[in-house]
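**Q** mind folding the following:
(2 chains)
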Amino acid sequence: DAGITQSPRHKVTETGTPVTLRCHQTENHRYMYWYRQDPGHGLRLIHYSYGVKDTDKGEVSDGYSVSRSKTEDFLLTLESATSSQTSVYFCAIGGGGRASSIQETQYFGPGTRLLVL
Amino acid sequence: AQSVAQPEDQVNVAEGNPLTVKCTYSVSGNPYLFWYVQYPNRGLQFLLKYITGDNLVKGSYGFEAEFNKSQTSFHLKKPSALVSDSALYFCAVRASVSGGYNKLIFGAGTRLAVHP
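**A** Okay, the predicted model is just below:
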């Protein structure tokens, strides 16, 4: 999995509870992403980061926030978890940059399965 | 709008037969196209990509994909399917976001089932 770990791998939580998912990479890559995977939707981008403290919203960012204080760590926080946020969350690194890296491949972590009751 | 379509939810193939998993795309500018595979309870694994050049791209595990610009398609193929190829396959296209950065847009996925 290209030097990407995610923690926890499984999480069960209750509605209204804040949850933080962690992505850690050992590739020293500048670009990192959070996606969610839902049946019938493929993967959808939640937030991405193009450097330490530089983040931006993806297409499904409502209810989520991110932080990146170090190159290797990208945190995803569900501020107040809802049942609609039950999903599998994937972190990715690579690609995404401007013209110089547009050909780069994105590599994915193993995923975190989150169940919100 | 930039998008990717995988028209088949599931493809069934007998072991040893050729397989095709279809993908069409809509993107402004040059298309950068990717195929990923997901085995149960695993992350996505990169198979192959088309950036430029030869329309037939070879990738991992004996897979290849044919880029067809006129049909805006990027179908995944393998000459002889294995039971171990059974998995969920995703096509993706690189698209622009604000600030000149790029993201991947994924299709909904196609489940490939290879029967002995």
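**Q** residues touching the closest residue to residue B:85 other than its chain neighbours, list them.
**A** Using Cβ to Cβ, 6 or more residues apart in numbering or on different chains and skipping residues adjacent in sequence, the residue nearest residue B:85 is residue B:114, 5.2 Å away. For glycine as for every other residue, the C-beta is placed from the backbone atoms N, C-alpha and C. If you count contacts by Cβ atoms under 8 Å, 6 or more residues apart in numbering or on different chains, residue B:114 has them with B:13, B:14, B:15, B:19, B:81, B:82, B:83, B:84, B:85, B:86.
**Q** residue A:32 now?
**A** Going by Cβ under 8 Å, 6+ apart, the list of residues near residue A:32 reads A:23, A:25, A:48, A:49, A:68, A:74, A:91, A:92, A:93.
**Q** if we can go back for a sec, bridged to the residue nearest to residue B:85, which residues?
**A** Using DSSP bridges, the bridge partners assigned to residue B:114 are residue B:13.
**Q** pLDDT score for it?
**A** Per-residue confidence (pLDDT) for residue B:114: 97.
**Q** could you do residue A:99 as well?
**A** Confidence per residue is given as pLDDT, and for residue A:99 that number is 51.
**Q** pick the one among the contacts of residue B:114 closest to residue A:13.
**A** residue B:86 (32.2 Å; Cβ to Cβ).
**Q** is that closest one in contact with residue B:112, as I believe?
**A** Yes. Taking Cβ atoms under 8 Å as the contact criterion, residue B:86 and residue B:112 are neighbours in contact, 5.9 Å apart.
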